[in-house]
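[1] Quick one, structure for this:
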Amino acid sequence: MLHAIASRKTRHHRRYHGERDGSEAKVSEEDEITSTVLGPLEFMGVEDGFQFWQSVIKNSGTAFSLPETPPDQIRYEFWPRRQASDNSGRIEPDLLVTLRWPDALSRWLLVELKWRAPLSGQDQLHRQWLNFLNAEERANALHIFIAPTIAAGAEAISHSNVWGKRGLSLISWLQIRSTLRELSRKKSGIGYWSAISDHFLEAIGIRRYHGIRNIEYNEIDIPMQLP
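    Numbers count the residues shown, from 1 in each chain. Predicted coordinates:
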């Protein structure tokens, strides 16, 4: 799909602008975007995938950091489901990334993505952090919220900052584009994937600000009032 959109061989991406042809009762926009953009990471080498997440975290400004050396293993679980630790039902975030280094060193990235939809309840992010992850994971994890705008994540923190000093990492899709553009300069698989993924996000409406150009205006005379 990334290649088809980059080469203008499909209009499939128009569905993410809200266009519908009436043939589908429901369009799972968030899930499709999640798998289209982040799904290819599962097929990349560990070092390439690590570069992406390391760049995302560094560009987010969070105090959380990953070791400088790549892990031995990265595991991706899309839409993992667990019974909540408080027995309040099942919890299903969009992605859980597990990174493992030698000597049993592990880090977890818990990722929730949004696209043209609100959170599933005021406490969705809180429940993910407190009741999806166990204590060991929380001690070595970063919770990442990615959306066109980060207002819902900021409101969640304001309501109850269960993440403490580490915080909930709020990342806009535009920031993801910045990371992809940075990585697209690399002469490797991660570079090419970053370039076409950046193009995909542009096509679905995540556009960079290029300044004020070609704005038509009319000159008007403002009378000067002398004292």
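[2] hey, let's count contacts and neighbours off CA atoms from now on
    OK.
[3] could you measure residue 140 against residue 193, distance?
    28 Å (Cα to Cα, to the nearest Å).
[4] who's more crowded, these two?
    residue 193 (20 against 15; other Cα atoms under 10 Å).
[5] Tell me how far the more buried one lies from residue 32.
    17 Å.
[6] Wait, a helix at residue 149?
    No. Per DSSP: H, G, I helix; E, B strand; the rest coil, residue 149 lies outside any helix segment and is coil.
[7] Buried ones in stretch 101-108, by neighbour count?
    Buried residues in stretch 101-108, counting neighbours by 16 or more other Cα atoms under 10 Å, are found at 106, 107, 108.
[8] which one of those residues is nearest residue 151?
    Using Cα to Cα, residue 108 comes nearest to residue 151 of those, at 23.9 Å.
[9] before we move on, what SS does the residue nearest to the spatial centre of the chain have?
    For the chain, the residue sitting closest to the mean C-alpha position, by Cα atoms, centre = their mean, is residue 146 at 3.6 Å. With three-state DSSP as the basis, residue 146 sits in strand.
[10] Surely it touches residue 175?
    No. Counting by Cα atoms under 8 Å, residue 146 stays clear of residue 175, with 9.1 Å between them.
[11] got a list of what residue 181 touches?
    The neighbours of residue 181, taking Cα atoms under 8 Å, 6 or more residues apart in numbering as the test, are 194, 195, 198.
[12] mind listing which of those residues are in helices?
    Of those, the ones assigned to helices by DSSP state H are 194, 195, 198.
[13] Any idea how many residues pack against residue 133?
    Each residue near residue 133 was counted by other Cα under 10 Å, and the total is 20.
[14] how close does it get to residue 75?
    Using Cα to Cα, residue 133 is found at 16 Å from residue 75.
[15] cool, residue 108 as well?
    Taking Cα to Cα, one finds residue 108 at 10 Å from residue 75.
[16] low-scoring stretches of the protein, by residue?
    Counting by pLDDT under 70, the chain contains low-confidence residues at 1, 4-6, 9-16, 19-27, 209-227.
[17] which of the residues in stretch 78-94 are buried?
    By neighbour count on 16+ other Cα under 10 Å, the buried set for stretch 78-94 is 78, 79, 84, 91, 92, 93, 94.
[18] correction: stretch 129-145
    Using 16+ other Cα under 10 Å as the test for burial, stretch 129-145 gives 129, 130, 131, 132, 133, 137, 138, 141, 142, 143, 144, 145.
[19] Let me know the closest of these to residue 43.
    Closest approach to residue 43 among the buried residues of stretch 129-145 (Cα to Cα): residue 144, at 21.5 Å.
[20] Go ahead and confirm that closest one touches residue 114.
    No. Using Cα under 8 Å, residue 144 is not in contact with residue 114; the gap is 11.2 Å.
[21] Span of stretch 153-168 from start to end?
    One end of stretch 153-168 sits 8 Å from the other (Cα to Cα).
[22] Can I get stretch 105-117 in CSV, CA atoms only?
    C-alpha atoms of stretch 105-117 as CSV (Å, rounded to 0.1, in the frame of the first residue of the first chain):
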residue,chain,number,x,y,z
LEU,A,105,17.8,-5.9,30.4
SER,A,106,14.4,-5.1,28.9
ARG,A,107,12.4,-2.1,28.0
TRP,A,108,8.8,-1.8,26.9
LEU,A,109,7.1,0.8,24.7
LEU,A,110,3.3,0.8,25.2
VAL,A,111,1.8,2.7,22.2
GLU,A,112,-1.7,4.1,21.7
LEU,A,113,-2.5,5.7,18.3
LYS,A,114,-5.5,7.9,17.4
TRP,A,115,-7.0,9.1,14.1
ARG,A,116,-10.1,11.2,13.9
ALA,A,117,-11.6,9.5,17.0
